[in-house]
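Asker: need a structure here:
(chains A and B)
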Amino acid sequence: AQSVTQLDSQVPVFEEAPVELRCNYSSSVSVYLFWYVQYPNQGLQLLLKYLSGSTLVKGINGFEAEFNKSQTSFHLRKPSVHISDTAEYFCAVRRGGIQGAQKLVFGQGTRLTINP
Amino acid sequence: DVKVTQSSRYLVKRTGEKVFLECVQDMDHENMFWYRQDPGLGLRLIYFSYDVKMKEKGDIPEGYSVSREKKERFSLILESASTNQTSMYLCASSGTGDRGQYFGPGTRLTVT
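Answerer: Modelled structure (predicted):
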């Protein structure tokens, strides 16, 4: 069965510093990976996804992630963060099952706090 | 602009009440999902539907049921609300292919 582990529950960083949010997965089927962001009092928005092809994936708001099959990781990075990046971030992997149904398994979430 | 809407942002109910949470999407998506979100646990799938009148249990279906009579609408029902169902409930939808799921703003349900 697929599972996702986000290694840090909270990450505090200073504004304009780089950040990496870590995600490890386990999957016995073809891997489709996602990062979502949840701003305070909102639903989740898709940041980026890896389906196939280049292992470096670029998303919205300057975020990128690298798929590493040998380390079963999909870490999210941003070279310089802003106060507006304060949010909770979720890593997810697609489950197997009914084709196209896109059931996802989510990690526990990482709360990113940007300090001025 | 794609949209998933949920009937309430905040809801307070009493133990034993029957509770309906409604979700509507305007993207003609086949798949719809109900999750609950609790601190430290991430999102857990309650039920999902891959077509009208079709449903499948998720990871934590106990105490919940769902209804999908029309493609755009997916309802979550708490037959007899209990305090351990106090949570944030998120609805999502997706089409075919792997474009990701689109989420509503959530309903924060408190059962007293």
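
Asker: my guess is B:Arg68 contacts B:Glu56, does it?
Answerer: No: look at B:Arg68 against B:Glu56 with C-beta atoms under 8 Å: they stay out of range, at 11.1 Å. Placement of C-beta: from N, CA and C, glycine included.

Asker: helix or strand for A:Phe34, which one?
Answerer: strand A:33-38 (DSSP states H and E).

Asker: elements contacting the helix or strand bottoming out on mean pLDDT in chain A?
Answerer: Every helix and strand in chain A was compared by mean pLDDT, DSSP states H and E; the lowest is strand A:104-106, with a mean of 90. If you count contacts as 3 or more C-beta pairs under 8 Å, 6 or more residues apart in numbering or on different chains; DSSP states H and E, strand A:104-106 packs onto strand A:3-6, strand A:87-94, strand B:42-51.

Asker: touching, B:Leu41 and A:Gln108? I think so.
Answerer: Yes: contact criterion C-beta under 8 Å: B:Leu41 and A:Gln108 qualify, at 6.3 Å.

Asker: quick one: which of these two has more around it?
Answerer: Comparing B:Leu41 with A:Gln108 by other C-beta atoms under 10 Å in any protein chain shown, the one with more neighbours is A:Gln108, at 19 against 13.

Asker: residues in contact with the more buried one?
Answerer: A:5-6, A:9, B:40-42 (C-beta atoms under 8 Å, 6 or more residues apart in numbering or on different chains).

Asker: from B:Arg44, how far out is it?
Answerer: According to C-beta to C-beta, to the nearest Å, A:Gln108 and B:Arg44 sit 10 Å apart.

Asker: just A:Gly59 next, same as before
Answerer: Relative to B:Arg44, and taking C-beta to C-beta, A:Gly59 is found at 24 Å.

Asker: check B:Glu17 too.
Answerer: Remark: distance between B:Glu17 and B:Arg44 (C-beta to C-beta) = 22 Å.

Asker: higher neighbour count, these two?
Answerer: B:Arg44 (16 against 13).

Asker: tell me how far that one lies from A:Leu104.
Answerer: Taken as C-beta to C-beta, the span from B:Arg44 to A:Leu104 is 11 Å.

Asker: cool, B:Pro105 as well?
Answerer: From B:Pro105 to A:Leu104 the distance is 19 Å (C-beta to C-beta).

Asker: more crowded one of those two?
Answerer: A:Leu104 (26 against 15).

Asker: that one touches B:Asp59, doesn't it?
Answerer: No: with contact defined as C-beta under 8 Å, A:Leu104 does not count as touching B:Asp59 (11.4 Å).
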